[in-house]
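Q: no sequence for this one, just the structure:
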C-alpha cells in the first residue's frame, strides 16, 4: 500500500465523516416523514358534518344554543370594551415614554383574538351552518352583533320569488 492509495481513500473517508456529523441520513428520513405528513394534511375528508348533525351528535337543545349565543355576545362586548381601554391606556403609557405599552399591545392582541372568536361563533350560530373563516372575512356585516333569528325547522322553509323570475327558490 503506497502513499497514492492513501490519498485516493481520503475523499471517501471525508465524505463519510461529513455525512455522520451532519446526519444526512436522518435529515433525509425526516424530510420523507414530513412529506408523508403533508400528503395526509392535503387529504380532504369524504364527509362534512353539518350544524344540525353536530347538534344531534352532541345532544344539544335549542335553549343550549340560545345560551351559547348569549355567552358569545357577552364575550364580544366584554372584549370590545377591554380593547378600547387597552388602546386608550396603551396610548397614554406610550406617550409617557414607558415600555409598558408593549404589555398593552400583547393584551390588545389577545383581546382582538377573543373578539374574532366570539364574532365568528355568533355568525355560525346565526346561520346554523359550520361556515369557514373565509366566509366571515368576506362578509364584514357579519363581524358585529345582530339578534339571533328564530330557529326554523326544515318543514318551515320560506318560499321566495326573485323579481322578474317565474321560478320559486327555497330560502332557508
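A: Nice, thanks for sending it over. In this text, all values refer to a predicted model and were calculated from it rather than measured experimentally.

Q: Sticking with residue 118, tell me its helix or strand.
A: Here residue 118 is covered by helix 101-127, with elements defined by DSSP states H and E.

Q: next one: the next helix or strand after that helix to chain centre, how far?
A: Heading C-terminal from helix 101-127, the first helix or strand you meet, by DSSP H and E, is helix 133-138. In this view, helix 133-138 has its centroid 11 Å away from the chain centroid, taken as CA atoms, centre = their mean, to the nearest Å.

Q: go on, stretch 105-125?
A: 11 Å.

Q: Buried residues of it, list them for me.
A: Residues of stretch 105-125 classed as buried by neighbour count (16 or more other CB atoms under 10 Å): 107-108, 111, 114-116, 118-125. Just so you know, the C-beta spots here come from the backbone N, C-alpha and C atoms, and that holds for glycine as well.

Q: Closest one of these to residue 48?
A: residue 124 (14.0 Å; CB to CB).

Q: re the thing from before, and the helix holding residue 118, what other elements does it pack with?
A: Where contact means 3 or more CB pairs under 8 Å, 6 or more residues apart in numbering; DSSP states H and E, helix 101-127 is packed against helix 62-95, helix 133-138.

Q: ranking those by burial, who's on top?
A: When those are scored by mean count of other CB atoms under 10 Å, the highest mean neighbour count falls to helix 62-95 (a mean of 15).

Q: Just name whatever secondary elements that helix is in contact with.
A: Secondary elements touching helix 62-95 (3+ CB pairs under 8 Å, 6+ apart): helix 101-127.
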